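1. Sharing a model prediction with you, sequence too.
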Amino acid sequence: MLRHVLLTASRSERAERLVSSSPLTRGVVSRYVADDVGAVVHDLSDQGLLVTVDHLGEDVTDRTQAEHEVRAYLTLLERLPVGADVSVKLTALGLRLSEQLALDNAASVCEAAAAKGLTVTLDAEEHDTIEAQHSIHSTLRKEHPDVGVVVQSYLRDAQERCARVDSARVRLCKGAYVAPEALAFTSPRDIDRSYVRCLRTLMAGTGYPMVATHDPRLIEIAAALAILHERDTTGFEYQMLYGVRPAEQLRLAGIGSQVRVYVPYGDDWYAYLMRRLAERPANLAFFARSLLSKA
């Protein structure tokens, strides 16, 4: 119930105004959203961590906004080290306006990234964008075979999608959106079981699994499946969010695993923050305690 309330709030303009206008909020947001993305990326790289960077923003409503997002990513690419990745939401590139527009804009970002030795991953979004996301991913891979895509295990067809793209770079996450029950699992146990089924498919495939979770049990299962399928530490990676379980990120990197940190930045942070709070009650408790301590 709490998760549903928070995800609903993530789409509420009234709730956004209330949270965003609070002078106490920004200090809490900085735990999860980079103020200075260049400095954060440099610090993480110095600690032996990889990065994927997301310029926050989605569901743009006109072509001018989409062009602005493309320019933001092209500028970002100039600041990232070789081996970094950028996470791109197709609705930020105009998907709600036109699938062709989003494809063209994503291709521009992919071309610029390839020239810099960087990769691009098409990020998770609402359930009604998934078909277009995978269609665009398939088209982009013809020219940019290393472009990645996200599969969300809360959706009932997740394992089938993993099977379709098991030769690609695939970020597997649980998902932080709401979908009709006919399309999505609602029980945490069912979502976890779906995640494990997807892991098995990806680890047995020929692609590059990107295991996006903070769940200790799923991390252990991923490591066991990697061994079972004879994948060494270069054959997959763990991905975790900036500001969430940083000690675990360093622990995994310290034992030789590849760990990539998802670093969001930008002013359009509200929806992202609400989804992070919905994912883990501990995040909500931290947020509340931080506001009370500042009050």
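-> That came in fine, so what should we check first?

2. now the end-to-end length of stretch 89-101.
-> Start-to-end span of stretch 89-101 (Cα to Cα, to the nearest Å) is 13 Å.

3. what comes up buried for stretch 73-89?
-> Neighbour-count burial for stretch 73-89 flags 73, 76-77, 80, 84-89 (criterion: 16 or more other Cβ atoms under 10 Å). In short, each C-beta sits where N, CA and C put it, glycine included.

4. Reformat these as TSV; add pLDDT and secondary structure.
-> Below are the buried residues of stretch 73-89 laid out as TSV (pLDDT from 0 to 100; DSSP: H, G, I helix; E, B strand; the rest coil):
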residue	pLDDT	secondary structure
Tyr73	96	helix
Leu76	96	helix
Leu77	97	helix
Leu80	97	coil
Ala84	98	coil
Asp85	98	strand
Val86	98	strand
Ser87	98	strand
Val88	97	strand
Lys89	96	coil
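
5. all strands for the protein, in order.
-> Counting by DSSP state E, residue ranges of the strands within the chain are 50-55, 85-88, 119-122, 148-152, 169-173, 208-212, 237-241, 259-265.

6. Return the member of the buried residues of stretch 73-89 nearest to Glu58.
-> Lys89 (4.6 Å; Cβ to Cβ).

7. Can you give me the distance of the closest one to Arg197?
-> Relative to Arg197, Lys89 is positioned 26 Å away (Cβ to Cβ, to the nearest Å).

8. What of Ser30?
-> Taken as Cβ to Cβ, the span from Ser30 to Arg197 is 37 Å.

9. Over to Tyr177?
-> In this view, Tyr177 and Arg197 are 20 Å apart by Cβ to Cβ.

10. neighbour count winner among those two?
-> Between Tyr177 and Arg197, counted using other Cβ atoms under 10 Å, the more crowded position is Tyr177 (19 against 14).

11. Touching, the more buried one and Ala124? I think so.
-> Yes: under the criterion of Cβ atoms under 8 Å, Tyr177 makes contact with Ala124 at 7.4 Å.

12. need the helices for the stretch 101-250 of the chain, in chain order.
-> Using DSSP state H, counting those that start in this stretch, the helices of the stretch 101-250 of the chain run over 130-141, 158-164, 188-204, 216-228, 246-254.

13. May I see those helices organised as JSON lines, with mean pLDDT and distance to Val60 added?
-> Converted to JSON lines, the helices of the stretch 101-250 of the chain look like this (pLDDT from 0 to 100; distance: least, Cβ to Cβ, whole Å):
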{"stretch": "helix 130-141", "mean pLDDT": "98", "distance to Val60": "15"}
{"stretch": "helix 158-164", "mean pLDDT": "97", "distance to Val60": "25"}
{"stretch": "helix 188-204", "mean pLDDT": "97", "distance to Val60": "29"}
{"stretch": "helix 216-228", "mean pLDDT": "98", "distance to Val60": "33"}
{"stretch": "helix 246-254", "mean pLDDT": "97", "distance to Val60": "31"}
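
14. of all these, which lies closest to Glu99?
-> Glu99 lies closest, by Cβ to Cβ, to one member of the helices of the stretch 101-250 of the chain: helix 130-141, at 5.1 Å.

15. returning to that earlier point: so which of the buried residues of stretch 73-89 comes closest to Gln159?
-> Nearest to Gln159, judged by Cβ to Cβ, of these is Ser87 at 22.5 Å.

16. so what's the closest one up against?
-> Residues in contact with Ser87 (Cβ atoms under 8 Å, 6 or more residues apart in numbering) are 52-54, 120-121, 123, 262.

17. next one: Leu122
-> Contact analysis of Leu122 by Cβ under 8 Å, 6+ apart lists 88-90, 106, 133, 136-137, 140, 147-150.

18. same check, this time on Ala204
-> Contacts of Ala204 (Cβ under 8 Å, 6+ apart): 166, 229.

19. again, only using 10 Å
-> Counting by Cβ atoms under 10 Å, 6 or more residues apart in numbering, Ala204 makes contact with 162-163, 166, 225, 228-229, 231.

20. and stretch 227-238, C-alpha only, in PDB?
-> Listed next in PDB are the C-alpha coordinates belonging to stretch 227-238 (Å, rounded to 0.1, in the frame of the first residue of the first chain):
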ATOM      1  CA  ILE A 227      29.900 -19.600 -11.600                       C
ATOM      2  CA  LEU A 228      27.500 -22.200 -12.900                       C
ATOM      3  CA  HIS A 229      27.600 -20.700 -16.300                       C
ATOM      4  CA  GLU A 230      31.400 -20.200 -16.200                       C
ATOM      5  CA  ARG A 231      31.200 -16.400 -16.300                       C
ATOM      6  CA  ASP A 232      34.200 -14.700 -14.800                       C
ATOM      7  CA  THR A 233      34.100 -11.200 -13.300                       C
ATOM      8  CA  THR A 234      34.300  -9.600 -16.700                       C
ATOM      9  CA  GLY A 235      31.200 -11.500 -17.900                       C
ATOM     10  CA  PHE A 236      28.700  -9.600 -15.900                       C
ATOM     11  CA  GLU A 237      28.400  -6.700 -13.500                       C
ATOM     12  CA  TYR A 238      26.400  -5.600 -10.500                       C
END
